[in-house]
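**Q** next come a sequence and a model predicted from it.
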Amino acid sequence: MSEKPFAESCVQNREPIIAVLRDVFADFRRVLEIGSGTGQHAVYFAPELPHLVWQTADVTQHHAGIRAWLEEAALPNVLPPLALDVNQPDWPSGRYDAVFSANTLHIMSWPEVEKCFEGVGTVLEVGGVLAVYGPFNYNGAFTSDSNARFDAWLKSRDPASGVRDFEAVDALARAQGLVLQQDVAMPSNNRTLVWQRIK
């Protein structure tokens, strides 16, 4: 078995996130996780949401780590990772009534964020929901000094990355027929944004 990767942030944010998802995903059956990362979220959330089939997905270099977590957990409702690169035009085939992504938009370039929402538009069923966790700016301003420092750190690693403006992200969602349902304040100056596809 491959050595399991570990992200401390997943341990820190998983309980606040699942508190939102228990309500938001209560009536859905198939969720696609965009950017499963280490796989830690999938193995924590899936037992808490046993009615859901949780489909992991990420770029292929993360698959070994995700599989290591999945193999150890041996959960009946988590599926092995799909190859998903937002830069590729063809997303995995299949339709989902829920999509989840955590801490992804700020590590993508803006064109990749645009492609991500276009991809969601191809896989999310009408009536389905998209839940996104992470830091966001509002009215062009940081919500905290820590988010401003985080943005500077991100840009030092990759100038194309950074904390995204809520209004710009919401516009991408609306272009795919998604309407904002909830904007939930989370610990450490993060948010969970929930949209529903109405068309």
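**A** All right, it came through fine.
**Q** tally of neighbours for residue 146?
**A** 12 (other C-beta atoms under 10 Å). The way it works is simple: take the backbone N, C-alpha and C, and place the C-beta from them, glycine included.
**Q** so what touches the helix or strand hosting residue 125?
**A** Per DSSP states H and E, residue 125 falls inside strand 124-134. Contact partners of strand 124-134, identified using C-beta atoms under 8 Å, 6 or more residues apart in numbering, comprise 13, 17, 20-21, 24-25, 28, 95-106, 120, 164, 169, 173, 176-178, 181, 186, 190-199.
**Q** longest helix of the protein?
**A** Longest among the helix segments of the chain by residue count, using DSSP state H, is helix 8-24.
**Q** give the buried residues for that helix.
**A** The neighbour-count check on helix 8-24 (16 or more other C-beta atoms under 10 Å) flags 10, 13-14, 16-18, 20-21, 24 as buried.
**Q** farthest pair in those residues?
**A** Spatial extent of the buried residues of helix 8-24 (C-beta to C-beta) is set by the pair 10 and 24 at 18.6 Å.
**Q** before we move on, the earlier item: direction included, what does the strand holding residue 125 pair up with?
**A** strand 96-102 (parallel), strand 190-197 (antiparallel) (DSSP bridges).
**Q** just so I know, which of the ones you listed lies nearest residue 63?
**A** strand 96-102 (16.9 Å).
**Q** now the closest one against helix 8-24, angle please.
**A** Relative orientation of strand 96-102 and helix 8-24, computed by axes from the mean of the first three to the mean of the last three C-alpha atoms, to 10 degrees: 150 degrees.
**Q** all helices for the protein, in order.
**A** Going by DSSP H, the chain shows helices at 8-24, 40-48, 63-73, 110-123, 145-157, 166-175.
**Q** now do the contacts for residue 186.
**A** So residue 186 contacts 13, 16-17, 20, 133, 192 (C-beta under 8 Å, 6+ apart).
**Q** before we move on, the earlier item: which one of the helices of the chain is the most hemmed in?
**A** helix 40-48 (a mean of 21; mean count of other C-beta atoms under 10 Å).
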